[in-house]
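Structure for the following, please:
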Amino acid sequence: MNKRTYTLATALVTTLALGVTGCADGKKSDGSRDRKNPATSTNGSVLGGTPQKGGTLTVLSNQDFTHLDPARNWVMPDMDFGTRLLYRTLVTYTAEPGAKGSELVPDLAEDLGTPSNGAKTWTFRLKPGLKYEDGTPITSKDVKHNVERSFSPDLPGGPDYAARYLVGGKDYRGPAEGKHLDSVKTPDDRTIVFELHTPFAEFPFAATLPTFAPVPPSRDKGPQYDSRPFSSGPYKVETYARDKQLVLVRNTHWDPKNDSVRKAYPDRIVVTMGLKGNQIDDRLIASSGADASAVSWAQLRPESISKVLTKADVKARLLAESSSCTEMVQMHTGRAPFDDLKVRQAVQYALDREAIVTAAGGPAVVDASTAAMPGALFTGGKQPDTLKIPLSGDVEKAKQLLKEAGKADGFSTRLTVSMNDKRIGEAIQESLGRAGIKVTIETVDPSAFYDTIGDTKSRTDLVYTGWCPDYPSGSTFLPFVFDGRFIKVKGNTGNHSLFKDDATMKRMDEIAAMSDGAQANKAWQDLDGQILAKAPVAPGASKRRTLLIGTNVAGAFGHTSWSGQLDYATVGLKDPSKSAN
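Residues are numbered from 1 along each chain as shown. Below you'll find the predicted structure:
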């Protein structure tokens, strides 16, 4: 095994050999499709050439971050921003466009980890000379501390791979009371050992997540750490005013000699929040003054797509990498009337996915979904259609199912969507209304969206949300979206249908134990269809991440492993002197 790079083909060993091939192909641009798709002419490309060092890069955003605390950071764009700029993890992805972005490289660690005990034990050794923003050394005990704090009830919402795999993780509640996990060992300041209760050949991929970034105990402020993470990366927080502005400046103790990924071109990075989406789009389309040195945080508004695609010079500044994520209507299966299978199936049949595609920006940037998992996780890179429901829906079938459920007159319910997806919410409202399901829409600020729908007691019956695999494997999708054993009262993540089906969970355990890659890959794909037949969700859409950059921005590309978000490890400016101070 090459210790410097860890390609998908070697990363998953034999357990995912076939599945990885399908994923890699699915994440690449499909040449025939891209030639027909006007939004993907720059897909897999680096825009603007090589940046020059210096200047201020501005990020124009309509929202605050969901979380920057590495124990709580589990939203793809936020993870990209945090792990590329503020903190380093044991392992990370290469800063390359296209399929090369799926390759793993060591980050804090010297290599990609050494498995033993049948991949139930993983050992990492940190590089020498690693330092925090104040010059103090980064130690293995700091990584252990962040892993442990990810279990804390007052720090909900973060990746829960540690809870799923570490020995003793089931009942652990974090280090606040002086209790520690015996399954995470630090025999010296540069060595950390993880003991798992089941073989996990994919552990190096999990080690890219913010959970495996260091947090020194002396700097840990509990929930307040979210506003001031202590830097182990190339930048540190200068100021952070919630919902207004985040300013990052250089961490002078970051050493590029022990970091092969992050280029840290700008001197400062300023995130300006609270802007309206259409305001951001119009400013970047014009790209005048300081906005020439700016990038967008959120995707283009649907109504802005045509403004961009019809102007060649503007379209040339559009990133539209596949997000490898899927969105869906998730139904509260534990609450009437959605505890009735026929009611849930009625939603599947009533939903007009063509209307969702139109509301989200049109077929140039959005595809209707026919499965739960994205196409990248299926052989051939294309979603199957196991339900065989017309994309525009089948209203009469939906009405018949409601009648069989004793709901011939329909019923009223509520749907929560992110403010960014209001138009999608309206498309869902109209399509379900055709069958007699009267939907009231509740919109939530994007930065609070996941915390809102993660409160299982107060959330609405319906939510429109999605899931992005943390790496290309069915094991990082279906168990996180449909395994009922990890539902939390607050900070619930992934399984927003609150689906808890014994047969499904048993099958997940059986697949996880398979040692044959082809068998496991096929089993995850089959399970996708079996779950949809039980209707905890109704498939919605798969979007490309459409991001516009200013004319003075260089080194920009959408990173496949960060769901198409701009890779902040390499972006910078063509002429730093033209940027804002």
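
could you pull out the helices for the stretch 201-350 of the chain?
Ranges of helices within the stretch 201-350 of the chain are 203-206, 277-286, 305-309, 312-315, 341-350, based on DSSP state H, counting those that start in this stretch.

any idea which of these is most buried?
Greatest average neighbour count among those goes to helix 203-206 (a mean of 25), per mean count of other C-beta atoms under 10 Å. (Glycine included, C-beta is placed from N, CA and C.)

Contacts for that one next, please.
With contact meaning C-beta atoms under 8 Å, 6 or more residues apart in numbering, helix 203-206 is reached by 6, 11, 91, 104, 112-113, 115, 119, 122, 159, 161, 165, 194, 196, 200, 212, 470-471, 473, 476.

In JSON lines, list the helices of the stretch 201-350 of the chain along with mean pLDDT.
Below are the helices of the stretch 201-350 of the chain laid out as JSON lines (pLDDT from 0 to 100):
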{"stretch": "helix 203-206", "mean pLDDT": "96"}
{"stretch": "helix 277-286", "mean pLDDT": "96"}
{"stretch": "helix 305-309", "mean pLDDT": "94"}
{"stretch": "helix 312-315", "mean pLDDT": "96"}
{"stretch": "helix 341-350", "mean pLDDT": "98"}
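
Adding distance to T186, write those out as CSV.
Listed next are these as CSV, based on distance: least, C-beta to C-beta, whole Å:
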stretch, distance to T186
helix 203-206, 17
helix 277-286, 44
helix 305-309, 50
helix 312-315, 51
helix 341-350, 47
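
Between these, which one is closest to L566.
Closest to L566 of the helices of the stretch 201-350 of the chain, according to C-beta to C-beta: helix 277-286, at 12.4 Å.

what's that closest one in contact with?
60-62, 291, 294-298, 300-301, 303-304, 307-308, 311, 314, 317, 420, 548-550.

Equivalent analysis for stretch 523-538, please.
19, 328-331, 333, 341, 344-345, 347-348, 351, 371-373, 377-379, 384, 386-387, 473-475, 477-478, 481-482, 497, 499, 501, 504, 507-508, 510-511, 514, 539.

Drop anything exposed from those residues.
In the contacts of stretch 523-538, burial by neighbour count holds for 19, 328-331, 333, 344-345, 347-348, 351, 371-373, 377-379, 384, 386-387, 473-475, 477-478, 481-482, 497, 499, 501, 504, 507-508, 511, 514, 539, counting by 16 or more other C-beta atoms under 10 Å.

surely P128 meets R190?
Yes: applying C-beta atoms under 8 Å as the test, P128 and R190 come out as touching, 7.1 Å apart.

Give me the subset of the contacts of helix 277-286 lying in strands.
L60, A294, V295, S296, L548 (DSSP state E).

Which one of those residues is nearest to R262?
V295 (16.7 Å).

Who is the closest one paired with across the strands?
Applying DSSP bridges to V295 gives these bridge partners: V59, I549.

Could you tell me how many residues sit around it?
Neighbour count of V295, defined by other C-beta atoms under 10 Å: 24.

need the helix or strand of the chain with the lowest average pLDDT.
helix 17-27 (a mean of 27; mean pLDDT, DSSP states H and E).

which stretches of the stretch 451-581 of the chain aren't confidently modelled?
581 (pLDDT under 70).

how about the helices of it, start to end?
478-482, 502-512, 517-533.

and of these, who's closest to G393?
Among the helices of the stretch 451-581 of the chain, the nearest to G393 by C-beta to C-beta is helix 517-533 (15.2 Å).

how far is that closest one from where the chain is centred?
22 Å (C-alpha atoms, centre = their mean, to the nearest Å).

Same check on stretch 219-234?
Worked out by C-alpha atoms, centre = their mean, stretch 219-234 lies 21 Å from the chain centre.

try stretch 375-383
With C-alpha atoms, centre = their mean, you get 18 Å for stretch 375-383.

dump the residue contacts of Q52.
Q52 touches Y265, A554, G572, L573, K574, D575, P576, counting by C-beta under 8 Å, 6+ apart.

Tell me the spacing between F124 and Q519.
Per C-beta to C-beta, to the nearest Å, F124 is found 30 Å from Q519.

Between the two, which is the more surrounded one?
Between F124 and Q519, counted using other C-beta under 10 Å, F124 has the larger neighbour count: 25 against 13.
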